[in-house]
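1. predicted model and sequence follow; I will ask about them next.
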Amino acid sequence: MEKTKLFRKNDIIIVLVLLSLAAAGLFVFRLTHMGEGRKVRVTVDGELFGEYDLGTKDPEDDLPAFDAVAGGQGTLEMNGASDSQSTGKTDTAGINTGNTDNLSGKENIQRIEIPGKVGKCILVISDGKADMESADCPNQICVHHSAISHTGETIVCLPNRVVIEIVE
């Protein structure tokens, strides 16, 4: 009996070339499309529920603002969160701001209650990331999903028909 080769030399070369092209394509896609997002867009059953600031800021925002009149004794402007609650009203652009909760004592944390088809979902936005804290759905896949922060990343709760997406 004569042995036959499973792979020939040319087969291996073609597979390696295809894998290299796929890896290069993935690298280029991530390089061009995966920037830091600035907003979180929430849709329920295909309709816009609200857009929320992700809390990312420009590096220039970290610089302290000095008061020249105070003789060099400047003050640092803080972007801290205040004790406030919204009841789902729309902002000046007509976008629903949802039920948000800025927790006192913690900077830039938003907790958004999203009504879905099965129940409600709780989205938490903090430290430039969006994370599904809880959901009234049976499989909890959206809750176990890691936090998202880059443009194009999504968290989906299929039973509630809720889509969380990072946009620029």
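-> Okay, I see it. Residues are numbered from 1 along each chain as shown.

2. by mean pLDDT, flag the weakest helix or strand of this protein.
-> Among the helices and strands of the chain, strand 84-85 carries the lowest confidence by mean pLDDT, DSSP states H and E, at a mean of 36.

3. show me where the chain has strands.
-> Using DSSP state E, the strands of the chain run over residues 39-44, 47-53, 84-85, 99-102, 110-115, 120-126, 129-135, 154-157, 162-167.

4. mean pLDDT lowest for which of these?
-> Ranked by mean pLDDT, these end with strand 84-85 at the bottom, a mean of 36.

5. elements contacting the top helix by length along the chain?
-> When the chain is parsed with DSSP state H, its longest helix is helix 9-33. Judged by 3 or more CB pairs under 8 Å, 6 or more residues apart in numbering; DSSP states H and E, helix 9-33 is in contact with no other helix or strand. From N, CA and C alone the C-beta is placed, and that goes for glycine too.

6. list the contacts of that helix.
-> Thr151, Gly152 (CB atoms under 8 Å, 6 or more residues apart in numbering).

7. switch the strands of the chain over to TSV; also include mean neighbour count.
-> TSV is the format used below for those (neighbours: other CB atoms under 10 Å):
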stretch	mean neighbour count
strand 39-44	20
strand 47-53	17
strand 84-85	9
strand 99-102	18
strand 110-115	19
strand 120-126	21
strand 129-135	20
strand 154-157	20
strand 162-167	21
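
8. domains of this protein?
-> Split into domains by automatic domain parsing, the chain comes to 8-35, 38-167.

9. circling back to that earlier point, give me the mean pLDDT for the longest helix of the chain.
-> Helix 9-33 comes out at a mean pLDDT of 89.

10. can you check stretch 138-146 too?
-> Here the average pLDDT along stretch 138-146 is 94.

11. show the end-to-end separation of that stretch, please.
-> Using CA to CA, to the nearest Å, one end of stretch 138-146 lies 18 Å from the other.

12. what do you get for stretch 134-142?
-> 8 Å.

13. ok, back up a step: would you turn the strands of the chain into TSV with distance to His144?
-> Output for the strands of the chain, formatted as TSV (distance: least, CB to CB, whole Å):
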stretch	distance to His144
strand 39-44	19
strand 47-53	22
strand 84-85	28
strand 99-102	23
strand 110-115	17
strand 120-126	13
strand 129-135	9
strand 154-157	10
strand 162-167	14
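
14. relative to Phe7, which of these is closest?
-> strand 154-157 (38.4 Å; CB to CB).

15. contacts for that closest one?
-> By CB under 8 Å, 6+ apart, strand 154-157 touches 116, 121, 130-132, 135, 137, 141-142, 145, 148, 162-166.

16. from those residues, which is closest to Gly37?
-> Ile166 (3.5 Å).

17. great, nothing more from me.
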